[in-house]
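[1] This is the structure alone, sequence omitted:
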């Protein structure tokens, strides 16, 4: 009897300790998630600031030099913003009489991992448009911001509607925008979300060095996350569609032409890299196609909503040179050239 009582006491103590550890782990994870949105990290505080509509935007009038890359690709990039925090060298002034203003947003791929702002596909497209038409002045504004996803795209439009854009382009990076959609919701700290994020983070710690060496956030993390939690795919799509419907409504009210471009990750455009990732993480054929299937589903929905959309997969996979940086898997200078050229040839301007 005493032995049973001692056993029960030890069991209760163990349960209590586990519960205490779980509570502590929960609040540590919540703090980690919430601290990101406070914009207090060393990489954030120099470049980003909180915003009531878009959640966060670039700090205006800054110039930061980043030194990074691989031994084969040593790079220095200049992060420069104008008077409104856009990735432009020129300030935004009052709209000209003959100006056709195009506001472009997206995540870090649009923001641009580039040496100079004019190398972005937004500015390449602008240069081509102005060279082809002497009657109009085309002002393509690069409003890409790292980490952005669908909620940000709506807030960004609300914030800058006063600039009176004639066209609003959302360059969706399909490699992580779907995964990040639920993380940017106000209920991000519920127990289910915290568990899934903690599970993903801990699982990554036990990967071998070869797996850890690959930049996760540019396509791989999303693929692995949805393989672990397939029900999250529908939730992410639902959020994406919800915000796009609100964006569509505003664009209709303000007479803004809405265009969505779908930028794939290296997994979708490079068969050799795709095969490497599939074998390295032991994924089946359906699992490695997770992002591609999500993209096709989203594109079909956009078309059903009469939202003009273009998939950038074909021009990127047909490029004869590398279109992604080896170091972080963002589109490189050549990738921006390919996208800028595609925009010029395919996106029709409605005056």
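    Good, I have the coordinates. All values reported here derive from a predicted model rather than from experimental measurement. Residues are numbered from 1 along each chain as shown.
[2] tell me the domain ranges of the protein?
    As assigned by automatic domain parsing, the chain contains the domains 1-37, 47-346.
[3] what packs against the strand or helix carrying residue 239?
    Taking DSSP states H and E as the definition, residue 239 sits inside helix 232-253. With contacts defined as 3 or more Cβ pairs under 8 Å, 6 or more residues apart in numbering; DSSP states H and E, helix 232-253 has these neighbours: helix 150-160, strand 167-173, helix 177-180, helix 220-228, strand 257-263, helix 290-304. (Glycine included, C-beta is placed from N, CA and C.)
[4] So what touches the longest one?
    Helix 290-304 is contacted by residues 172, 174-175, 178, 219, 222-223, 226-227, 233, 236-237, 240-241, 244, 260, 262, 264-265, 267-268, 286, 308-309, 311, 313 when judged by Cβ atoms under 8 Å, 6 or more residues apart in numbering.
[5] hang on, the earlier thing: tell me which residues in the helix holding residue 239 are buried?
    Going by neighbour count (16 or more other Cβ atoms under 10 Å), the buried part of helix 232-253 is 232-233, 236-237, 239-241, 243-244, 246-248, 251.
[6] about what we covered before: how about a markdown table for the helices and strands packed on helix 232-253, with distance to residue 335 and mean pLDDT added?
    As requested, those are exported to a markdown table (distance: least, Cβ to Cβ, whole Å; pLDDT from 0 to 100):
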| stretch | distance to residue 335 | mean pLDDT |
| --- | --- | --- |
| helix 150-160 | 21 | 98 |
| strand 167-173 | 12 | 98 |
| helix 177-180 | 17 | 96 |
| helix 220-228 | 18 | 94 |
| strand 257-263 | 9 | 98 |
| helix 290-304 | 17 | 97 |
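[7] Which among these is found nearest to residue 342?
    Using Cβ to Cβ as the measure, strand 257-263 is the one of the helices and strands packed on helix 232-253 that comes nearest residue 342, at 8.4 Å.
[8] Name the strands paired with the closest one and say parallel or antiparallel.
    In the sheet, strand 257-263 lines up against strand 167-173 (parallel), strand 308-311 (parallel) (DSSP bridges).
[9] Adding mean neighbour count, write those strands out as TSV.
    Shown next, in TSV, are those (neighbours: other Cβ atoms under 10 Å):
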stretch	mean neighbour count
strand 167-173	26
strand 308-311	18
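[10] Now distance to residue 60 too, for those strands, in a markdown table please.
    Formatted as a markdown table, the strands paired with strand 257-263 follow (distance: least, Cβ to Cβ, whole Å):
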| stretch | distance to residue 60 |
| --- | --- |
| strand 167-173 | 21 |
| strand 308-311 | 31 |
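[11] what's the helix holding residue 239 in contact with?
    Under the contact criterion Cβ under 8 Å, 6+ apart, helix 232-253 has outside partners 150-151, 153-154, 157-158, 161, 168, 170, 177-179, 181-182, 185, 196, 225-226, 256-258, 260, 290, 294, 297-298, 301-302, 305, 307.
[12] before we move on, the earlier item: just send the helices and strands packed on helix 232-253 back as CSV, with distance to residue 63 too.
    Shown next, in CSV, are these (distance: least, Cβ to Cβ, whole Å):
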stretch, distance to residue 63
helix 150-160, 22
strand 167-173, 24
helix 177-180, 28
helix 220-228, 31
strand 257-263, 26
helix 290-304, 34
